[in-house]
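Student: Please find the sequence and the predicted model below.
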Amino acid sequence: MRNSDIFWQYTWLVNTILRAEKIDFERIRQMWLANDLNDDRPLSRTTFYRLRQAIDDMFGIRIESDNQHQ
């Protein structure tokens with residue numbers, strides 16, 4: 001995967017969460033499958049956590065979850 005593709009995955013995830021304000025992992029997974037940036041693979045929790053950590057490292061944006069509803 002090209003670095004630019006990875007960058008677009010990061011920005012897609014941030015924008016998706018910001019637009020929704022509140023969204024659960026299953027909805028993110030559904031939207032991921034409908035997106036062209038998914039590499040024809042579903043979004044696993046491991047990949048989501050990797051993206052989340054990379055977004056925090058690169059942009060300083062923390063994506064947190066409300067574990068109470070998981």
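Tutor: Great, that's in hand.
Student: going forward, measure contacts between C-alpha atoms and count neighbours the same way
Tutor: OK.
Student: counting contacts, what elements does the helix or strand hosting Trp8 pack onto?
Tutor: According to DSSP states H and E, Trp8 maps onto helix 3-20. Under the contact criterion of 3 or more Cα pairs under 8 Å, 6 or more residues apart in numbering; DSSP states H and E, helix 3-20 touches helix 45-59.
Student: Measure how the helix it packs on sits relative to helix 3-20, angle-wise.
Tutor: 90 degrees (axes from the mean of the first three to the mean of the last three Cα atoms, to 10 degrees).
Student: any idea of the mean pLDDT for helix 45-59?
Tutor: Average pLDDT, helix 45-59: 95.
Student: and Ser65, which of the three is it?
Tutor: coil (DSSP: H, G, I helix; E, B strand; the rest coil).
Student: Give me the neighbour count for it.
Tutor: Per other Cα atoms under 10 Å, the neighbour tally for Ser65 reads 12.
Student: One more: Arg41?
Tutor: 9.
Student: where does it land in three-state SS?
Tutor: Arg41 - assigned by three-state DSSP - is coil.
Student: Tell me, how many residues neighbour Cys10?
Tutor: Careful, residue 10 is Tyr and not Cys. 19.
Student: wait, isn't it in contact with Asp57?
Tutor: No. Taking contacts as Cα atoms under 8 Å, Tyr10 lies outside contact range of Asp57: 11.2 Å.
Student: helix or strand right after the lowest-mean-pLDDT helix or strand in the chain?
Tutor: Least confident helix or strand, the chain: helix 3-20 with a mean of 91, by mean pLDDT, DSSP states H and E. The first helix or strand that comes after helix 3-20 along the chain, using DSSP H and E, is helix 25-33.
Student: Other residues contacting that following helix?
Tutor: The contact list for helix 25-33 (Cα atoms under 8 Å, 6 or more residues apart in numbering) reads Thr16, Asn38, Asp40, Arg41, Pro42, Leu43, Ser44.
Student: can you pick the most crowded of the residues you listed?
Tutor: Leu43 (18 neighbours).
Student: For that one, what are phi and psi?
Tutor: phi -90, psi 110 (degrees, to the nearest 10).
Student: now swap in Glu64 and tell me
Tutor: Taking degrees, to the nearest 10 as the convention, Glu64 sits at phi -110, psi 160.
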